[in-house]
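Undergrad: model the following, please.
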Amino acid sequence: APPPPAAARGLAAITRAIVEASGTVVVAANAGVLAIEAFRALTLGPRPVGPTLAYGERPRLPGLHVMATPNEHWIETLTGLGATGVELIVSVITGPPQSVHPLVPVLQVGVAAVGMGAARSDLDLLPLGDPRAWAERLLERVLATAAIGTTPALVELDNTDFQVSRGSLGISL
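TA: Residues are numbered from 1 along each chain as shown. Just a heads-up that it's a prediction; the model follows:
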């Protein structure tokens, strides 16, 4: 689901900082943040939103990329993002935590202070208070995880999953 606008603005600020430092950010085409005007305006500007990468394709140039997703399956999306070469995935969630990828660190950030219940301890960050401070805390957590200084909560709990997409024509028997 799309995150609240304040969270989207924080993600946009982090995205811009990474891209301005010649880094690469890959957003899945099915990511809720792309539905938020504030995020799109601060990151993509007037360009239309559409995939710049195929599912699992590695970017040839640094910058902000949107990866095509063949479906809405969470684990298949994570696998595709991992295949692009990203070193870390940030997932902003509005509900309970979901399984994470075993090969690429996935930070799960909850944006709802209520309704999380016991699942709050499974999150890597629960932003409370000033949205500007939240973006700074998230960036600190991203940097600490990228430097292998911290391990995502659900990795420690071994709540991981992996699945390669079969695409829109794939079948299960």
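Undergrad: tell me where this structure has helices.
TA: For the chain, the helices defined by DSSP state H cover 5-20, 37-43, 74-83, 131-146, 153-156.
Undergrad: okay if I get the ones you listed as JSON lines plus distance to residue 65?
TA: Where C-beta positions appear, they are placed from N, C-alpha and C, glycine not excepted. Listed next are those as JSON lines, based on distance: least, CB to CB, whole Å:
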{"stretch": "helix 5-20", "distance to residue 65": "10"}
{"stretch": "helix 37-43", "distance to residue 65": "11"}
{"stretch": "helix 74-83", "distance to residue 65": "10"}
{"stretch": "helix 131-146", "distance to residue 65": "18"}
{"stretch": "helix 153-156", "distance to residue 65": "25"}
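Undergrad: any idea which of these is most buried?
TA: helix 74-83 (a mean of 22; mean count of other CB atoms under 10 Å).
Undergrad: ranking the helices of the chain by mean pLDDT, which is last?
TA: With a mean of 61, helix 153-156 has the lowest mean pLDDT of those.
Undergrad: one step back: for the helices of the chain, which one sits closest to residue 53?
TA: helix 74-83 (9.1 Å; CB to CB).
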